[in-house]
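Undergrad: sequence below, structure please.
(4 chains)
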There are 2 protein chains.
Amino acid sequence: MPNANDALFKTLADPTRRAIFERLCREGEQTVGALTARAKISQPAVSKHLAILKHAGLVFDRQDGRQTHYRAHIAALAPLIDWTSQMTGFWQSRFDQLEDLLKRMD
Amino acid sequence: MPNANDALFKTLADPTRRAIFERLCREGEQTVGALTARAKISQPAVSKHLAILKHAGLVFDRQDGRQTHYRAHIAALAPLIDWTSQMTGFWQSRFDQLEDLLKRMD
DNA sequence: TTAATCTATAACCAGAAGGTTATTGATTGA
DNA sequence: TCAATCAATAACCTTCTGGTTATAGATTAA
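TA: You can find the predicted model right below:
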């Protein structure tokens, strides 16, 4: 019953986490240290957010010595785009039906 | 600092709430009773979810006697669409920059 | 080798979130 | 008028979430 979209929506719901993802989208690959430097939370907190983003498929990580580089995986946003188009699609289709009905009433 | 998108993302993060919104998109206006009948939670729980959806601008309500009818307000999804296009846009632009760089290296 | 650095994990805590039942207020039907 | 129905609110409880500090493991620099 728990939809496949659940993880995606839940992951993006947190503002801090979304901000990290946005930064990776804007500025490209970054280390945990770099991300932590500009975040207002501790390094472990950043690591936890990154783990959640990774679990949702929204980021990839790459090990390089003792550093971990993270980058955004924008293709993971696809289900979000699909969902919104579905919702607007449903609405549009109902709107069309109403329009048809009104036409037939002439 | 809390982004304007926060409420929208947070509201859509809960699966039950998203399911209610989806139903309103698919099937159009419904009463609280109708929504409760098919949900697996109590009427007060449904009412609470509707209040949150309303607060996020995702639904409108209409009073009719002792019934309240709710309907989806799909235009409220616009910021979500904007956000995803921004993210993919940022990525695309960085990709283009990389492509430029590679071209110049020839 | 030893000290410093980077990141992840463990253990913990406070507050938020989502559910429940009970109840209220308003409206409708008998 | 009085009982029943509809939806919102109140009060409460449990679980989840996001933060913290402390620490461990791995790598690098001295």
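Undergrad: near chain B, which residues of chain A show up?
TA: A:2-3, A:5-6, A:9-10, A:12-13, A:15, A:18, A:21-22, A:25-28, A:72, A:74, A:77, A:80-81, A:84, A:87-88, A:90-91, A:94 (C-beta under 8 Å from any C-beta of the partner chain). (Each C-beta comes from the backbone N, C-alpha and C, glycine too.)
Undergrad: pick out the residue of chain A closest to chain B.
TA: A:Ala13 (3.6 Å; C-beta to the nearest C-beta).
Undergrad: tell me which element A:Thr68 falls in.
TA: strand A:67-72 (DSSP states H and E).
Undergrad: show me what that strand is packed up against.
TA: helix A:15-27, strand A:30-31, helix A:32-38, helix A:43-55, strand A:59-64 (3 or more C-beta pairs under 8 Å, 6 or more residues apart in numbering or on different chains; DSSP states H and E).
Undergrad: list the contacts of the most centrally placed residue in chain A.
TA: In chain A, the centroid-proximal residue (C-alpha atoms, centre = their mean) is A:Leu12; its distance is 4.8 Å. Shown in contact with A:Leu12 (C-beta atoms under 8 Å, 6 or more residues apart in numbering or on different chains): A:Arg18, A:Phe21, A:Leu58, A:Leu80, B:Phe9, B:Ala13.
Undergrad: quick check: residues of chain A near DNA strand C?
TA: When proximity is defined as C-beta under 7 Å from any atom of the strand, chain A approaches DNA strand C at A:31-33, A:36, A:43-44, A:47-48, A:50-51, A:61, A:66-68.
Undergrad: ok, A:Gln67 - contacts?
TA: Counted by C-beta under 8 Å, 6+ apart, A:Gln67 has contacts A:Thr31, A:Val32, A:Gly33.
Undergrad: got a winner among the residues you listed for most neighbours?
TA: Among the contacts of A:Gln67, A:Val32 has the most neighbours (other C-beta atoms under 10 Å in any protein chain shown), with 17 neighbours.
Undergrad: just to check, that residue is in contact with A:Ala45?
TA: No. Here A:Val32 does not reach A:Ala45: they are 10.9 Å apart, not a contact under C-beta atoms under 8 Å.
Undergrad: and chain A, which residues reach DNA strand D?
TA: Going by C-beta under 7 Å from any atom of the strand, the residues of chain A near DNA strand D are A:10, A:13-14, A:16-17, A:41-42, A:44-45, A:48-49, A:52, A:64-66.
Undergrad: could you rerun that using 10 Å?
TA: Counting by C-beta under 10 Å from any atom of the strand, the residues of chain A close to DNA strand D are A:6-7, A:10-20, A:36, A:39-49, A:52, A:63-68.
Undergrad: in chain A, where is pLDDT below threshold?
TA: Filtered on pLDDT under 70, chain A yields the residue ranges A:1-2.
Undergrad: can you point me to the longest helix in it?
TA: Using DSSP state H, we find that the single longest helix of chain A is helix A:78-104.
Undergrad: returning to what we had before: redo the contacts of A:Leu12 as JSON lines? Include neighbour count and distance to B:Asp100.
TA: Compiled in JSON lines, these are given as follows (neighbours: other C-beta atoms under 10 Å in any protein chain shown; distance: C-beta to C-beta, whole Å):
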{"residue": "A:Arg18", "neighbour count": "21", "distance to B:Asp100": "29"}
{"residue": "A:Phe21", "neighbour count": "26", "distance to B:Asp100": "25"}
{"residue": "A:Leu58", "neighbour count": "27", "distance to B:Asp100": "26"}
{"residue": "A:Leu80", "neighbour count": "19", "distance to B:Asp100": "29"}
{"residue": "B:Phe9", "neighbour count": "22", "distance to B:Asp100": "33"}
{"residue": "B:Ala13", "neighbour count": "18", "distance to B:Asp100": "38"}
